[in-house]
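Trainee: Fold the following and give me the result.
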Amino acid sequence: MKLQSPEKIELIQPPASRKSRHYTPRHYTPPRYTDANTEESLEHAMDICSEIRSFIVTYESTRRIRLETPCINITLWLIRIAIFVGILLILINNKLYQKVDTEPISAFTTKLDGITYSGPINDSERRELWDSTDLRIPPQAENSIFVTTNYIITNGQERAACADVQAESTNCSTDLDCRDSGQPYQEANGMSIGKCNMTIGYCIVETWCPPEDDTLPNNGTTAVLNYIHDFRVLIKNHVYFPYFDKGRSNLIESITAEKLRNGCHYDPDHDPYCPIFQIKTIVGLANRESCKPDPEEDERLFKEMAIRGGVIAITVEWDCDYDFDESKCKPTYNFSRIDKNHQQSPLGGYNFHHAKYYLENGVEKRKLIKAFGILFLLRTEASARKFDFFTFMGTAEFLFCRMIQDVQQMHLIKGWSTLYLYLVAKNDNESGSNCDCNYFTYGSDIDEKAASSNDEVMPVPGRILPI
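Mentor: Predicted coordinates for the structure are as follows:
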């Protein structure tokens, strides 16, 4: 649009008979001033708009030539086939054509069997029997099993006032060294009465008496309970995959009721699917790198761990491929000791307190037990997969996108554009315009066009045809 200069603008003046201070001329156009900078800015803005429009509506592709050279074409096809086969192997080996469900619903049920004793084996009066009900605390826990292997028992405790000689904070020589009556001694698990037992040099506290002696039995060389390593635990794991609406259990088709009654034992080499595990086998596989069973070594490792206890993780792994028979979906078991880095520490191992209460001569008493043992944590790592058309198409498009793009450019876009140009040229020829319609030819005509073409010729052996 051409801009007007100030000299060419005509203002409409009011009539002489209408002289008013508030009169506004009709059809008034304010003057517009331009200079060189303004015109340059407008031109720059127009260039930017043109570039944006060109970027949106214009498609660019590289120039293509057709080479009738067997050596180059064979090499090119070999490279294409090698790339295609490599991508196909990646697709198959990684199973990228399948839909995967990695969020299953899992549940465990367990059962512990075994019997052991403490005390002299030849003294029936001093010997004490323990079965799995006594040693599994609590009887049912969520995804875990605790088995007692060692303990410290304090018998006949009752509520009274006594001195705790194991609490250093209660040392005293006079009553003034003790806390005021009613003040707690957390280390001694009792309340101060404000008096000192000067004979032994400890403050007297109200607590469960006699106080607990925290010294390990047998000087910490062996555990009290025997034959715990021969206890057996049955682990049943059920896993369900909501996406495929399918589920599996580790009681697979080969695990029959008769086999369970006969007492199969898990063995990674000979019976890897039996769900009954010996405690010593679990401890042995969790404490050494070798996966081969060694009964003597397993028993030695268990005896070391039984003194202070520990924590072991049992992982049931599932990798189900529902493109095949469902019976081929079988579990595998892995064992690892979680507290391995702290097993030699004085605070290492695993223990807790529990008590058994009873009445004796009308007085409430308790049997305090500090139980050391092995905590088995049960966990599941499961995934299921199955062929899915949309997953396959999405993965194939991602992997073969370059090949698809080449096909699209070489065949689809070229074909439609050539047909369009041919129809336009034919229409112009019929209307009498000067158009070289013979350029859009097919078959043998392209050789004649190639012979008369002035296109650039590449310095390679063979015949070059324009496409």
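
Trainee: what sits up against stretch 354-374?
Mentor: Outside stretch 354-374, the residues that touch it by C-beta atoms under 8 Å, 6 or more residues apart in numbering are 135, 137, 146-159, 208, 212, 214, 223, 279, 283, 305-312, 349-353. (C-beta placed from N, C-alpha, C; glycine too.)

Trainee: just the strands in the stretch 251-400 of the chain please.
Mentor: 276-278, 310-321, 332-337, 351-360, 363-387 (DSSP state E, counting those that start in this stretch).

Trainee: Residue 294: which of the ones you listed is closest?
Mentor: If you check each of these against residue 294 by C-beta to C-beta, strand 276-278 wins as the nearest, at 12.6 Å.

Trainee: and for the closest one, what are the contacting residues?
Mentor: Here strand 276-278 has contacts from 229-235, 260, 263-266, using C-beta under 8 Å, 6+ apart.

Trainee: buried set for stretch 234-242?
Mentor: Buried residues in stretch 234-242, counted by 16 or more other C-beta atoms under 10 Å: 235, 237-241.

Trainee: I'd like those laid out as JSON lines, including distance to residue 41.
Mentor: Conversion of those to JSON lines gives the following (distance: C-beta to C-beta, whole Å):
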{"residue": "235", "distance to residue 41": "80"}
{"residue": "237", "distance to residue 41": "75"}
{"residue": "238", "distance to residue 41": "75"}
{"residue": "239", "distance to residue 41": "70"}
{"residue": "240", "distance to residue 41": "69"}
{"residue": "241", "distance to residue 41": "65"}
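
Trainee: ok, of these, which one's closest to residue 76?
Mentor: residue 241 (45.4 Å).

Trainee: Verify the contact between that closest one and residue 320 for me.
Mentor: Yes: in this structure, residue 241 is within contact of residue 320 by C-beta atoms under 8 Å, at 7.3 Å.

Trainee: got the angle for the strand or helix carrying residue 153 vs strand 310-321?
Mentor: Using DSSP states H and E, residue 153 sits within strand 144-163. Strand 144-163 and strand 310-321 are oriented at 160 degrees to each other (axes from the mean of the first three to the mean of the last three C-alpha atoms, to 10 degrees).

Trainee: now for the following helix or strand past strand 144-163, which elements pack on it?
Mentor: Heading C-terminal from strand 144-163, the first helix or strand you meet, by DSSP H and E, is strand 184-185. When contacts are defined as 3 or more C-beta pairs under 8 Å, 6 or more residues apart in numbering; DSSP states H and E, strand 184-185 packs onto strand 190-197.

Trainee: between the strand it packs on and strand 144-163, how many degrees?
Mentor: Using the same axes, to 10 degrees, strand 190-197 lies at 40 degrees relative to strand 144-163.

Trainee: in its sheet, what does strand 190-197 sit against?
Mentor: strand 184-185 (antiparallel), strand 202-209 (antiparallel) (DSSP bridges).

Trainee: got the CA positions of the very next helix or strand once past the last one in PDB?
Mentor: The one in question is strand 202-209. Using DSSP H and E, the next helix or strand after strand 202-209 towards the C-terminus is strand 232-241. Below are the C-alpha coordinates for strand 232-241, written out as PDB (Å, rounded to 0.1, in the frame of the first residue of the first chain):
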ATOM      1  CA  ARG A 232      11.700 -77.300  56.400                       C
ATOM      2  CA  VAL A 233       9.600 -74.500  55.100                       C
ATOM      3  CA  LEU A 234       6.900 -74.700  52.400                       C
ATOM      4  CA  ILE A 235       6.500 -71.500  50.400                       C
ATOM      5  CA  LYS A 236       3.400 -71.100  48.200                       C
ATOM      6  CA  ASN A 237       3.400 -68.100  45.900                       C
ATOM      7  CA  HIS A 238       0.500 -67.000  43.800                       C
ATOM      8  CA  VAL A 239       0.800 -64.300  41.100                       C
ATOM      9  CA  TYR A 240      -1.900 -62.700  39.000                       C
ATOM     10  CA  PHE A 241      -1.500 -60.400  36.000                       C
END
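
Trainee: returning to what we had before: using a markdown table, lay out the strands of the stretch 251-400 of the chain together with mean neighbour count, mean pLDDT and distance to residue 117.
Mentor: A markdown table is the format used below for the strands of the stretch 251-400 of the chain (neighbours: other C-beta atoms under 10 Å; pLDDT from 0 to 100; distance: least, C-beta to C-beta, whole Å):
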| stretch | mean neighbour count | mean pLDDT | distance to residue 117 |
| --- | --- | --- | --- |
| strand 276-278 | 20 | 94 | 19 |
| strand 310-321 | 19 | 93 | 23 |
| strand 332-337 | 17 | 93 | 27 |
| strand 351-360 | 11 | 91 | 18 |
| strand 363-387 | 18 | 92 | 16 |
